[in-house]
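In: just a sequence and a predicted model for now, questions to come.
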Amino acid sequence: MSIDNLKSIISKRGGLAKTNRFQIVFTPPQGSLLGAKGLIGALTSGGGLKSMINDPRDISLLCENVTIPGRQITTLDYQADKQPVKIPYSFINEDVTCSFLLTNDYYMKTMFDDWLEQVFNTETYRAKFKKDFTSDVVIQQLNEKNIPVYGVRLENAFPTTVAGITLDNNSESAVQKINVTFSYDNYVPEGPFSSTMSALRSAIPSGLI
C-alpha cells in the first residue's frame, strides 16, 4: 500500500468528504412558521419584512454542525451448544443533535420554542397529535460543488431537547448558539437524486403539498 495507491483511490472516488460540506433541510409545523414572538423579534431587530419569512435556506446556513445518525442492532444471547451466540431482534437509532447560530432576532430560538409548544402544551399539560407536530428532516453530505452525494431522511422528526443558553459578562465577543436534539421514527439513507427530492419536499410546508 503506497501513497500513490491511496491518492489514486481517493481520486477515483471523487476526493475525500469534507466535514464542513453539508446542509440540513426542514420546515417546522405551520404553527411554528411565524408566531407573534417571531414578528416582534423581526421588527425590533431591524431585519425588515424579509426576516419575517421562514426560508429553509436560512435554517441550513445557520446550522453550525449536525450529526448523521448511527444505528445499533440489538441482540439477544442465545445458548447454542458450547457458547452463546448473538441473535439480532431489533435496532436502535441514535438521536440527532444540531447546533445553530443565534441572530439578534433570536430566530432559531423562537422557532424551536414555538415547535416545542406544538409538541406539548405547557399551559394545558396536553400532548398534541403526532401528525400535527412532526416534520421530515433531511441531512446531506455535499461535495466540493455543493452537490449532495449522500443523505438521510429523518421520518416524522421533532425536537425533544432545546438546550439552555448561557449569558456571560466575561464573553464579550462570543457568539450565541443553541443546541437542539431531534427524535424521529426512523431514518432512511438516500442517494444523491432521492435525497435532493426529499430536500425539496421537506422545504415546502406540509399544508401546501
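Out: Looks like it arrived, so ask away.
In: quick one: least confident helix or strand in this structure?
Out: Among the helical and strand segments of the chain, the one scoring lowest on mean pLDDT, DSSP states H and E is helix 36-44, with a mean of 51.
In: for this structure, longest strand please?
Out: With residue count as the measure and DSSP state E as the assignment, the chain has strand 148-162 as its longest strand.
In: quick one: mean pLDDT over it.
Out: For strand 148-162, the per-residue pLDDT values average out at 96.
In: can you list the strands that it pairs with?
Out: Strand 148-162 has its sheet partners listed here by DSSP bridges as strand 135-142 (antiparallel), strand 177-183 (antiparallel), strand 186-190 (antiparallel).
In: now, of these, which is deepest in the fold?
Out: Highest mean neighbour count of the strands paired with strand 148-162: strand 135-142, a mean of 23 (counted as mean count of other CB atoms under 10 Å). To be clear about C-beta, it is placed using only N, CA and C from the backbone, and glycine gets the same treatment.
In: that one: how far from the chain's middle?
Out: When distances are taken as CA atoms, centre = their mean, to the nearest Å, strand 135-142 is centred 7 Å away from the chain's centroid.
In: got the contact list for that strand?
Out: Residues from elsewhere that reach strand 135-142, judged by CB atoms under 8 Å, 6 or more residues apart in numbering: 17, 21-29, 66, 68, 96, 148-158, 182, 184, 195, 198-199, 201-202, 206.
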